[in-house]
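Engineer: 3D model of this:
(chains A and B)
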Protein chains: 2
Amino acid sequence: MVSKHEQLYNQLCQHARETAMLSATESILGWDERTMLPPEAAEYRAEQMTLLAGMIHQRRTDSRLGDWLGELATSPLAADPHSDSGTTIRQLKREFDKRVKLPQSLVEELTRTASLGQHVWQQARANDDFASFEPLLAKTFELKRAQAEALGYDKNPYDALLDDFEPGESTANVARVLSDLREALVPLVSAIAGSSRRPDVSILARRYPLEMQQGFARDAAAQIGFDFCRGRLDVTAHPFCTGLGPHDCRITTRFDENFFNSAFFGTLHEAGHGIYDQGLRTELYGLPPAEAVSLGIHESQSRMWENLVGRSRAFWDHFYPTAQQSFPDALSAERLDRFYFAVNDVRPSLIRVEADEATYNLHILIRFELEQALLTDDLQVADLPAAWNDKYSKYLGIRPGNDADGVLQDIHWAAGLVGYFPTYSLGNLYASQFFAQAERDLGSLSSQFARGEFQPLGDWLRKNIHTHGQRYSAAELVQRITGKTLSHAPLIAHLRNKLAPLYGLN
Amino acid sequence: MVSKHEQLYNQLCQHARETAMLSATESILGWDERTMLPPEAAEYRAEQMTLLAGMIHQRRTDSRLGDWLGELATSPLAADPHSDSGTTIRQLKREFDKRVKLPQSLVEELTRTASLGQHVWQQARANDDFASFEPLLAKTFELKRAQAEALGYDKNPYDALLDDFEPGESTANVARVLSDLREALVPLVSAIAGSSRRPDVSILARRYPLEMQQGFARDAAAQIGFDFCRGRLDVTAHPFCTGLGPHDCRITTRFDENFFNSAFFGTLHEAGHGIYDQGLRTELYGLPPAEAVSLGIHESQSRMWENLVGRSRAFWDHFYPTAQQSFPDALSAERLDRFYFAVNDVRPSLIRVEADEATYNLHILIRFELEQALLTDDLQVADLPAAWNDKYSKYLGIRPGNDADGVLQDIHWAAGLVGYFPTYSLGNLYASQFFAQAERDLGSLSSQFARGEFQPLGDWLRKNIHTHGQRYSAAELVQRITGKTLSHAPLIAHLRNKLAPLYGLN
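Structural biologist: Predicted structure coming up:
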């Protein structure tokens, strides 16, 4: 006989599954918008997506949901917090409780400001005109403060915002790890910048025919474990990965005939996200035990395949012969050593999205420090461009010549995303710490990669990370898997081990 | 000041627009399913579409809708039946009243039987085993009779079913026109079959490289008026056209490297549907004044561009030089005369979807006569294969050697579509009658086509047909535009004028 609690729990799951189905539908509209939509169809599509978003929001704040969750939270089904039912009830309750704390008027103003903000930001960036964006940005941070107040926090309002992207993580802990990272990274980057050795990056700017790039990238994505029977690879201006169902994960990339990196490493990156999505449990699709833990953990999967695997010497020992066959004009007479050095070029630059594996984290640190200061009013929006430029000088040794290449380069703040940036660096940190553990568990990964064996690592990630969904928080996962709390050390060790020989550092 | 009726009317329109938005969303899921979906994602997609279909059905049978429509039907806004508001109220009420007549249990059984029926039919067709399909088909016709009873009808139960596809049309009128058509068509087809002249159809089976076919078909679709800023052309196994928004109409085709016709004429056909959709009023999208009148009128647009335009001598006077450039292997040494004759090959055949412009209508007649007899129990399902084969002998002079190429070839009855078939022939009849009138209004269309001028005909169709949406019924449209009721004569005249010289008939 099914108990009253079990009945209620089944009802809850059915509700959540249906909401997930609508949400996947909204994602299809979004995927189609970015890959397929005829030029004149954008406006109607936006209306359609707004309608669906409204319906989804209504379901997620349905008061019946609160009643069910309230009753189930004290039931035997929630007793084991890491069981499927315990995870489901805990996580759905967590989300519901957060959502109902936000007054409808604040939600609407956040949405409106984010929508307007992106529009104004786009113009401001095109015209290199920070002043025209300043009032909107000030308004955004004011609303984000109100959001933090409504959600509540212990010590730091930033905690309340960070929680949307890295649930359960604290600002203090992130600040500790990132400041350790900075201490080690700034001198490393500076030593590299001072080295007389430089890769010949013109190798990557030769002619790489689009059709061949497409085949090569697709083949690499399949070899590292992206399942094309349960996914697709398409072309977009801004690459992304989106899950549209338990067996439908779609990644995108962009092709540049005269630059090897963007399509290839972009594809590995998105395939890494996709492999995580494809590793979630399909039978519980739409429920927390089958959903990603956090943005940081998601990013750890993309960064691992892109950088720790895809930029390793062993990876290219395996792939370089095929690359030479695919791109004879560019590579048939080129030595692997020189190609490998070129894909590991490290140099301070102004633009985050074009930054290399090492300096990337300094871009994130700058944003993380500035958005905290803006949120707590320790920094005024009017003073932001100068503060931005000062930090670039200090951490990266270069100074933006204008705001378009400086403080105006990212869409995040304009879109109301405050607390999002650190998840990129958390991803790099998690990736290195997991990778080091995988190597301890599986033996020499580089010997495996050199033989084209990527499945042992893939299986390890699936078993240790993917199948758990939200059973554990990111911090719990790190502790369970590596036996330690998160640290900057594995990332620094990885960078030093790879870069010191290339750049002739001690 | 906005009157109470106007307020109610705005509410009604908002409701209908939102329902249309959800319906367009369901169509996107369907388009994606047929063009993009990863192999393993089909099951979840079906669940998603079922969820949306349920939500849409709920909205369309919402009792508030009945109250609003009841009040508005007697208001001044409904006084002029051809005004936007009059059309909207009349047509929405018509649909609502039909929907609520059907008991929920019948709707569910129809859906279940159609779903199972298609599955069983697929197997039966693959195994040439009518007996295994017979019980399902008998059940289907039993349910269709129940549906007709629930909907109500004046004389003939078939009227109630036909109305779903060709609203307002009567069985008696369709029977009259189609029997006139049969009287004239059977001797014409028989004379052609007896002619000693035959086109060399091997011309169309030479090598037509896919990429070139794609470009050639796309260019032709654009030239006849399909707007690629408001639509797309993709590849599918079974070509179709689907509207996904006021500026988003998608058509599909399939390519065969060794057969010219399927992709090219298929694209013209679907582009014809698409041009109709793109000609509907965008500002009223989702409301009856901006929706297609009937399947027959929709088909008239596809058949006109495919056959009356695309298989005309003048069309090829314009396109043949480009065709020769696009397909030099196949056509550079080939005479236009011979190519033109080949694309107008007429010969009795067993399969409807492969039939030519002339014999096609005999395939439809057979189905129309048989489905009426099945519905009224004048024919038993067990006797259907023999009746089918007898009619093929009588009308087309050939007899199917098995049921797979006979009575099992079409999915329609298996999917519960009874009353659908005649709309294909109605489309051919409307097309010829409209085309003859357009020629009277615009002067020699063939001179225009020979110069590559397709816009005058496109504008005429838009003005006389597309922009009216559902303002008039199909029969009213025909009467308004041509001053006459629907007749077989223009189609027969068109076929005779084209085919008599080719086949050397008197």
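
Engineer: Please save the CA atoms from whichever helix or strand residue A:314 is part of in PDB.
Structural biologist: With elements taken from DSSP states H and E, the one containing residue A:314 is helix A:313-326. Below are the C-alpha coordinates for helix A:313-326, written out as PDB (Å, rounded to 0.1, in the frame of the first residue of the first chain):
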ATOM      1  CA  ARG A 313      50.800  17.100 -24.700                       C
ATOM      2  CA  ALA A 314      49.400  13.600 -24.600                       C
ATOM      3  CA  PHE A 315      46.200  14.700 -26.200                       C
ATOM      4  CA  TRP A 316      48.100  16.000 -29.100                       C
ATOM      5  CA  ASP A 317      50.400  13.000 -29.300                       C
ATOM      6  CA  HIS A 318      47.200  11.200 -30.200                       C
ATOM      7  CA  PHE A 319      45.400  13.800 -32.300                       C
ATOM      8  CA  TYR A 320      48.200  15.600 -34.100                       C
ATOM      9  CA  PRO A 321      48.600  13.100 -37.000                       C
ATOM     10  CA  THR A 322      44.900  13.300 -37.800                       C
ATOM     11  CA  ALA A 323      45.200  17.100 -37.500                       C
ATOM     12  CA  GLN A 324      48.000  17.100 -40.000                       C
ATOM     13  CA  GLN A 325      45.900  15.000 -42.400                       C
ATOM     14  CA  SER A 326      42.900  17.200 -41.900                       C
END
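
Engineer: In chain A, which helix is the longest?
Structural biologist: helix A:4-35 (DSSP state H).

Engineer: Show me what that one is packed against.
Structural biologist: Taking 3 or more C-beta pairs under 8 Å, 6 or more residues apart in numbering or on different chains; DSSP states H and E as the contact definition, the neighbouring helices and strands of helix A:4-35 are helix A:42-60, helix A:63-73, helix A:84-101, strand A:241-243, strand A:249-253, helix B:4-35, helix B:42-60. (Each C-beta comes from the backbone N, C-alpha and C, glycine too.)

Engineer: How about the helix holding residue A:314, which residues are buried there?
Structural biologist: Taking 16 or more other C-beta atoms under 10 Å in any protein chain shown as the basis for neighbour counts, the residues of helix A:313-326 that come out buried are A:313, A:314, A:315, A:316, A:317, A:318, A:319, A:320, A:323, A:324, A:326.

Engineer: Adding distance to residue B:284, write those out as JSON lines.
Structural biologist: Rendered in JSON lines, the data for the buried residues of helix A:313-326 read as follows (distance: C-beta to C-beta, whole Å):
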{"residue": "A:313", "distance to residue B:284": "63"}
{"residue": "A:314", "distance to residue B:284": "62"}
{"residue": "A:315", "distance to residue B:284": "57"}
{"residue": "A:316", "distance to residue B:284": "59"}
{"residue": "A:317", "distance to residue B:284": "63"}
{"residue": "A:318", "distance to residue B:284": "59"}
{"residue": "A:319", "distance to residue B:284": "56"}
{"residue": "A:320", "distance to residue B:284": "60"}
{"residue": "A:323", "distance to residue B:284": "55"}
{"residue": "A:324", "distance to residue B:284": "59"}
{"residue": "A:326", "distance to residue B:284": "52"}
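
Engineer: tell me which of those residues is nearest to chain B?
Structural biologist: Minimum distance to chain B across the buried residues of helix A:313-326 is 20.8 Å, recorded for residue A:326 (C-beta to the nearest C-beta).

Engineer: ok now do that closest one, which residues does it touch?
Structural biologist: When contacts are counted by C-beta atoms under 8 Å, 6 or more residues apart in numbering or on different chains, residue A:326 touches A:212, A:213, A:215, A:216.

Engineer: What's the local residue count around the residue nearest to residue A:279 when sequence neighbours are not counted?
Structural biologist: Residue nearest to residue A:279 in three dimensions, not counting chain neighbours: residue A:466, with 2.9 Å by C-beta to C-beta, 6 or more residues apart in numbering or on different chains. Residue A:466 sits with 22 neighbouring residues when counted by other C-beta atoms under 10 Å in any protein chain shown.

Engineer: Check the gap between whichever residue of the stretch 51-200 of chain A sits closest to chain B and residue A:45 for me.
Structural biologist: Each residue of the stretch 51-200 of chain A has a distance to chain B, by C-beta to the nearest C-beta, and the smallest belongs to residue A:51, at 5.3 Å. Look at residue A:51 and residue A:45: by C-beta to C-beta, to the nearest Å, they are 11 Å apart.

Engineer: For these two, indicate the residue with more neighbours.
Structural biologist: Set residue A:51 next to residue A:45 and count neighbours by other C-beta under 10 Å: residue A:45 wins out with 23 against 17.

Engineer: how much space between the more buried one and residue A:167?
Structural biologist: 30 Å.

Engineer: Was I right to think the residue of the stretch 51-200 of chain A closest to chain B contacts residue B:20?
Structural biologist: No - with contacts counted by C-beta atoms under 8 Å, residue A:51 stays clear of residue B:20, the gap being 10.4 Å.

Engineer: still on that earlier bit, who touches the residue nearest to residue A:279 in this structure?
Structural biologist: For residue A:466, the contacting residues are A:275, A:276, A:279, A:280, by C-beta under 8 Å, 6+ apart.

Engineer: Could you dump the residues you listed into CSV with neighbour count, secondary structure and pLDDT added?
Structural biologist: As requested, the contacts of residue A:466 are arranged in CSV below (neighbours: other C-beta atoms under 10 Å in any protein chain shown; DSSP: H, G, I helix; E, B strand; the rest coil; pLDDT from 0 to 100):
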residue, neighbour count, secondary structure, pLDDT
A:275, 27, helix, 98
A:276, 26, helix, 98
A:279, 23, helix, 98
A:280, 22, coil, 98
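
Engineer: What is the nearest of those to chain B?
Structural biologist: Using C-beta to the nearest C-beta, the shortest approach to chain B within the contacts of residue A:466 belongs to residue A:280, at 13.2 Å.

Engineer: For that closest one, give me phi and psi.
Structural biologist: For residue A:280, the backbone dihedrals (degrees, to the nearest 10) come out as phi -70, psi 160.

Engineer: I'd like to know how many residues surround residue A:175.
Structural biologist: Using other C-beta under 10 Å, the number of residues around residue A:175 comes to 17.

Engineer: pLDDT of stretch A:493-505, averaged?
Structural biologist: Regarding stretch A:493-505, the rounded mean pLDDT is 97.

Engineer: ok, residues contacting it?
Structural biologist: A:185, A:188, A:191-192, A:195-197, A:199, A:308, A:311-312, A:341, A:344, A:346, A:357-358, A:432, A:435-436, A:506.

Engineer: what helices or strands is whatever helix or strand residue A:374 lives in leaning on?
Structural biologist: Residue A:374 is part of helix A:360-375 when elements are defined by DSSP H and E. With contacts defined as 3+ C-beta pairs under 8 Å, 6+ apart, the secondary structure elements packing on helix A:360-375 are helix A:130-151, helix A:157-162, helix A:171-194, helix A:384-391, helix A:422-442.

Engineer: What are the buried residues along the third one?
Structural biologist: So that's helix A:171-194. Of the residues in helix A:171-194, those buried by neighbour count under the rule 16+ other C-beta under 10 Å are A:171, A:174-175, A:177-178, A:181-182, A:184-186, A:188-189, A:192.

Engineer: What parts of chain A come near chain B?
Structural biologist: Neighbours of chain B within chain A, by C-beta under 8 Å from any C-beta of the partner chain: A:18, A:21-22, A:24-25, A:28-29, A:32, A:36-41, A:43-45, A:47-48, A:51-52, A:228-232, A:244-248, A:285.

Engineer: Weed out the non-buried ones from those residues.
Structural biologist: Among those, those that count as buried by neighbour count (16+ other C-beta under 10 Å) are A:18, A:21-22, A:24-25, A:28-29, A:32, A:36-38, A:40-41, A:44-45, A:48, A:51-52, A:230-232, A:244-248, A:285.
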